[in-house]
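K.L.:
Requesting a structural model of the entry that follows:
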Amino acid sequence: MSEAVLNEKVSYIVDKVENIESLITRRLLEDKEKNSLIEELKKHLIYRQELDKGAKFAPLMVEILKVMDRLKSDDIVPSVEFINSVYEELLQVLSLNGLEAIDNSGLLNPSIHEVISVVPTFDKIDDNRIIAVLEEGYLLNNRVLRPSKVIIAQYQSLG
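P.N.:
Here you go, the predicted structure:
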């Protein structure tokens, strides 16, 4: 192969590499512009969500304030019945706004239960069964707000 042909091929390859480099540089600049726009849009959406939260939770806050007013009333006599009544009223207000207690009957579900302690059992059928609830857990709009803290039975073989 002659030197002229070789130089021509090298020159062709150098041109191709320069074209690829130019293309990559343009794409990177375009990506930076797109990422900048995406970040700006994210900031705007977060701002809108924060505004919407205030409007969304205002009715809930009004209902909670009514319960608080009931607690401050001068004509109340603190009693177990009164405390239970206020508790139920507050739970009802929260449930109307998407809060629900986690079902703690049956077997452990790691996505909604947090195991605090384990008690051995020799009956295989009781393995991972919830035997006590130390702290109630709650879902908010079907998402775990707080897992239930539970004690479970764990199977131990005799042999």
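K.L.:
residue ranges for the helices of this structure, please.
P.N.:
Applying DSSP state H to the chain gives helices spanning 3-72, 80-95.
K.L.:
Pick the most buried one from the ones you listed.
P.N.:
helix 80-95 (a mean of 13; mean count of other Cβ atoms under 10 Å). To be clear about C-beta, it is placed using only N, CA and C from the backbone, and glycine gets the same treatment.
K.L.:
one step back: any idea which of the helices of the chain has the lowest pLDDT on average?
P.N.:
Of all the helices of the chain, the minimum mean pLDDT falls on helix 3-72 (a mean of 85).
K.L.:
how about CSV for the helices of the chain, with distance to Ala101 added?
P.N.:
Shown next, in CSV, are the helices of the chain (distance: least, Cβ to Cβ, whole Å):
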stretch, distance to Ala101
helix 3-72, 17
helix 80-95, 8
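K.L.:
Can you give me the neighbour number for Ile152?
P.N.:
Using other Cβ atoms under 10 Å, Ile152 has 20 neighbouring residues.
K.L.:
Contact partners for it?
P.N.:
Residues in contact with Ile152 (Cβ atoms under 8 Å, 6 or more residues apart in numbering) are 108, 113, 115, 117-119, 128-131.
K.L.:
Can you give the domain ranges for this protein?
P.N.:
1-97, 99-159 (automatic domain parsing).
K.L.:
Now the shortest one: average pLDDT?
P.N.:
When you say that, I think you mean domain 99-159. Confidence for domain 99-159, expressed as mean pLDDT, is 94.
K.L.:
related to what we said a few turns ago, out of the contacts of Ile152, which end up buried?
P.N.:
Those of these that meet the buried threshold are 108, 113, 115, 128-130, by 16 or more other Cβ atoms under 10 Å.
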